[in-house]
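> what's the 3D shape of this:
(2 chains)
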Amino acid sequence: MDIGSLKKQSDLSYSIAIAKRNALEKAQSRQIIVYNEHIFRADPQTICVARTLKETQDTFFILDTNNNPVEITDPGDFLSKLIERNQESLNSYHQMYKTFENKGD
Amino acid sequence: MTRGVLLFCFDTEHTRYHKILEKCVHLIRKNIKLEITVVTDYATFKKTKPLGFINYKFIEPEPGNTKMNLSWNNKDRHMAYELSPYDTTLVMDIDYFCYTDNLLQFMDTGYDFLIPDQVHDLTQRNTFHQRVWSMIPMVWATVFVFRKTAKSKRIFDMIKYVKQHYQYFNQLYRIFAQNLRNDYVFAIALQQLNGFVGYDTFPFALSTLPPDCEIVKMTDDGIAWRYNDQINWIEQQDVHVLNKEVYNV
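Predicted coordinates for the structure are as follows:
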C-alpha cells in the first residue's frame, strides 16, 4: 500500500469512527424517556429490571436517573414504553451503521 | 400550566446573533412546538426578520463581559425566572439547535430544575474536559428547564448572589477563565445551595461542536461541519454550535 492510499484509508476510518460514535450518542440521548414525571433510560438494564419485577409484582419501585424512587403502578405500560423507545433508537442507529459498512469497500 | 421556551438574544458589534436566533426559532417551531419568548433589546429586535407569533421582552443587556476579547452579552440569564411568563420554562442558548423533540418531554417531569452536566464533543477530541480548568464540576447553562416553584426561586436567588460576588467565587473555585460564564455561575449556585452534595441533572450529554469547526451546511434535518480538512455530518440530533459564524450559513 502506498502512502497516499494509506492516508486515504486512515482518513476514511477516522470519519467512520467519529460518525459511529456520534450515532451512538444520538441513540443514547433518544433512549431517555419521561414516565410518571420521572426520567428513565430505556437501556437493557432498565428493561431487564422492569421485566423481572413485572413477573412477580403488580406494582414495583424503581430508581430514576437521579436515583429518586418511583412507584410503577402499570408495569406492562412502563415496559412497553421502554422497549418501544429502546428499539426506536437502536433501529435508527442500525440504519446509520449500515451506511458505514460499505464505505470501506 | 403554561409551558414555553425562553431565549436570550443580543447583537454585539461583532456578531449578528439575531441571524442565529432566526435559525433557532425555526427549529423550535418545527420540533419542539412550544410557545417562544425572546428576551432582547430594541436594536436587535429591529434587525430581526418577522418570526411569526413570538413574545418579546425588552431589556437593556448588562454590559462589561467579553469572550476572546469580543463583547459578549450573557449577564442576564439570572433573570430567567422573573422574565419567563411560563409555569414551566425551557431556557436555551440560541446556538443550540433542536433537531429532535427530545427536550420536550422534560417539560413534564416533577423536577423543579434540571440542567446538563455532561458534554459530548462531536469531533471526538474531548475539547471540553472542563475539570482541569476549575475546582468545580461544571454544568452547561446552554439548556435548562425550571418550574416556577419555591425551590427554583431559591436557585435563581443564589445564582444572582454568585453573579454579584463572582470575582470572589471565581478565585475560590480557581476558575481559569476570568470572564463571567453562566456555566460556572450556575454550577457554583447549585453546589452551594445543595450542600455540596450534588443536584438533579439531565441524563444526556450535550452534543457540541467546538469553536474551531466551520459550519458548512445547515438544513432542517442536520448540520455539516469542516474540521481538519474533513467534513462530517449529523442529522436528527440536537447540537450546540460554538462557532458563531454559523449565521453566515
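
> which ones are touching A:G76?
Neighbouring residues of A:G76 by C-beta atoms under 8 Å, 6 or more residues apart in numbering or on different chains: A:K54. From N, CA and C alone the C-beta is placed, and that goes for glycine too.

> residue numbers of chain B in contact with chain A?
B:100, B:102, B:105-106, B:108-111, B:120, B:122-124, B:200-205, B:207, B:230, B:232-234, B:236-238 (C-beta under 8 Å from any C-beta of the partner chain).

> list only buried entries from these.
Neighbour counting with 16 or more other C-beta atoms under 10 Å in any protein chain shown marks B:100, B:102, B:106, B:109, B:111, B:120, B:122-123, B:200-205, B:207, B:232, B:234, B:237-238 as buried within the residues of chain B next to chain A.

> continuing past the longest helix along chain B, what's the next helix or strand?
In chain B, with assignment by DSSP state H, the single longest helix is helix B:150-164. Going down the chain from helix B:150-164, the next helix or strand is helix B:166-172, by DSSP states H and E.

> what packs against the lowest-mean-pLDDT helix or strand in chain A?
In chain A, the helix or strand scored least confidently by mean pLDDT, DSSP states H and E is helix A:3-30, which has a mean of 91. Judged by 3 or more C-beta pairs under 8 Å, 6 or more residues apart in numbering or on different chains; DSSP states H and E, the packing partners of helix A:3-30 are helix A:75-101, strand B:201-209, strand B:230-235.

> any idea of the pLDDT on the residue most central in space within chain B?
Compute the mean C-alpha point of chain B, and by C-alpha atoms, centre = their mean the closest residue is B:T142, 2.3 Å away. Note for B:T142: predicted pLDDT of 96.

> need the contact list for the residue nearest to it when sequence neighbours are not counted.
Once flanking residues are discounted, B:T142 sits nearest to B:D93: 4.6 Å by C-beta to C-beta, 6 or more residues apart in numbering or on different chains. Contacts for B:D93 (C-beta under 8 Å, 6+ apart) come out as B:F8, B:T142, B:V143, B:H240.

> just checking, next helix/strand downstream of the host helix or strand of the first one?
Element membership of B:F8, judged by DSSP H and E, is strand B:3-9. Scanning the chain past strand B:3-9 towards its C-terminal end, the next helix or strand to appear is helix B:17-27 (assignment: DSSP H and E).

> CA-only coordinates of that next one in CSV, if you can.
Included here for helix B:17-27 are C-alpha records, laid out as CSV according to Å, rounded to 0.1, in the frame of the first residue of the first chain:
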residue,chain,number,x,y,z
TYR,B,17,-26.9,37.0,17.0
HIS,B,18,-30.3,37.8,15.5
LYS,B,19,-29.4,35.7,12.4
ILE,B,20,-28.7,32.7,14.7
LEU,B,21,-32.0,33.4,16.5
GLU,B,22,-33.9,33.1,13.3
LYS,B,23,-32.4,29.6,12.7
CYS,B,24,-33.0,28.6,16.3
VAL,B,25,-36.7,29.7,16.3
HIS,B,26,-37.3,27.9,13.0
LEU,B,27,-36.1,24.5,14.5
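
> could you pull out the buried residues of that helix?
Residues B:Y17, B:H18, B:K19, B:I20, B:L21, B:E22, B:K23, B:C24, B:V25, B:L27 are the ones in helix B:17-27 that count as buried (16+ other C-beta under 10 Å).

> past it, which element shows up next along the chain?
Helix B:17-27 is succeeded, C-terminally, by strand B:35-40 (DSSP H and E).

> so what secondary structure elements neighbour that following strand?
Using 3+ C-beta pairs under 8 Å, 6+ apart: strand B:35-40 touches strand B:3-9, helix B:17-27, strand B:55-58.

> and chain A, which residues reach chain B?
Close to chain B, as judged by C-beta under 8 Å from any C-beta, chain A has residues A:11, A:14-15, A:17-19, A:21-22, A:25-26, A:28-30, A:32-34, A:37-39, A:41, A:65-66, A:92.

> just the buried ones among those, please.
The neighbour count (16+ other C-beta under 10 Å) marks A:15, A:18-19, A:22, A:25-26, A:28-30, A:32-34, A:38-39, A:41, A:65-66, A:92 as buried among the residues of chain A next to chain B.

> now do the SS call for B:R226.
strand (DSSP: H, G, I helix; E, B strand; the rest coil).

> dump the host helix or strand of B:L114 to PDB, restricted to CA.
Assigned by DSSP H and E, B:L114 belongs to strand B:113-121. Extracted C-alpha coordinates of strand B:113-121, given in PDB (Å, rounded to 0.1, in the frame of the first residue of the first chain):
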ATOM      1  CA  PHE B 113     -34.800  22.500  38.000                       C
ATOM      2  CA  LEU B 114     -32.800  20.300  35.500                       C
ATOM      3  CA  ILE B 115     -29.500  21.100  33.800                       C
ATOM      4  CA  PRO B 116     -26.900  19.000  31.900                       C
ATOM      5  CA  ASP B 117     -23.500  18.300  33.500                       C
ATOM      6  CA  GLN B 118     -22.100  16.200  30.600                       C
ATOM      7  CA  VAL B 119     -21.000  17.200  27.200                       C
ATOM      8  CA  HIS B 120     -20.200  15.200  24.000                       C
ATOM      9  CA  ASP B 121     -17.600  16.700  21.700                       C
END
